[in-house]
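*Asks:* Sequence and computational prediction follow.
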Amino acid sequence: QVRLKEVGGGLVQAGDSLRLSCAASGRTFSNYAMAWFRQAPGKERDFVAAISWNGGKTDYARSVKGRFTISRGDARNTVYLQMNSLKPEDTAVYYCAADQLAEPTTTADQYDYWGQGTQVTVSS
């Protein structure tokens, strides 16, 4: 059974940092692009960051560039999102996704597998 499991969410104050992790299981994702999306209450799911199969290419939403960093573990079945200088507008459920195409894309419909999400709440 294919599964993506996110951990690391929580309640923090503005300016704090959090590190999200996503572990993939059930198949080998080492050749998949992986990404993070987020969805705030009443809003659509938005692209946050993506990384290619080998970590050589990354892409970020303009709103998080310079504050968030996406990376992959050595086995490439784990993806991380380091979030620094968090703002209240970063509050959302954060989802991990995997795309069988090796190169990252910002389009949610392109991703084949999704996790259940982890809540990140940033207080002002």
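*Replies:* Received it, and whenever you're ready, just let me know what you need. Numbering: from 1, shown residues only.

*Asks:* Could I get the phi/psi values of the most centrally placed residue in the chain?
*Replies:* Centroid check for the chain by Cα atoms, centre = their mean gives W36 as the closest residue, at 2.2 Å. Note on W36: backbone dihedrals following degrees, to the nearest 10 are phi -120, psi 130.

*Asks:* And it, how close does it get to L81?
*Replies:* Going from W36 to L81 by Cβ to Cβ, to the nearest Å gives 5 Å. To be clear about C-beta, it is placed using only N, CA and C from the backbone, and glycine gets the same treatment.

*Asks:* before we move on, what about Q110?
*Replies:* 19 Å.

*Asks:* go on, T121?
*Replies:* 15 Å.

*Asks:* Tell me which of Q110 and L81 has more neighbours.
*Replies:* Using other Cβ atoms under 10 Å, the more surrounded residue of Q110 and L81 is L81, with 26 against 15.

*Asks:* I figured the more buried one hits V64, correct?
*Replies:* No: counting by Cβ atoms under 8 Å, L81 does not reach V64; the two are 9.1 Å apart.

*Asks:* Please enumerate the shared neighbours of the two.
*Replies:* Common neighbours of L81 and V64 (criterion: Cβ atoms under 8 Å, 6 or more residues apart in numbering): V48, A49.

*Asks:* which phi and psi does K5 have?
*Replies:* Here is the backbone geometry of K5 (degrees, to the nearest 10): phi -130, psi 120.

*Asks:* Now it. Nearest residue, chain neighbours left out?
*Replies:* Leaving aside its sequence neighbours, K5 sits nearest to A23 (Cβ to Cβ, 6 or more residues apart in numbering; 5.2 Å).

*Asks:* secondary structure element for that neighbour?
*Replies:* Using DSSP states H and E, A23 sits within strand 18-25.

*Asks:* Determine how far that strand lies from the middle of the whole chain.
*Replies:* Distance, stretch centre to chain centre, for strand 18-25: 8 Å (Cα atoms, centre = their mean, to the nearest Å).
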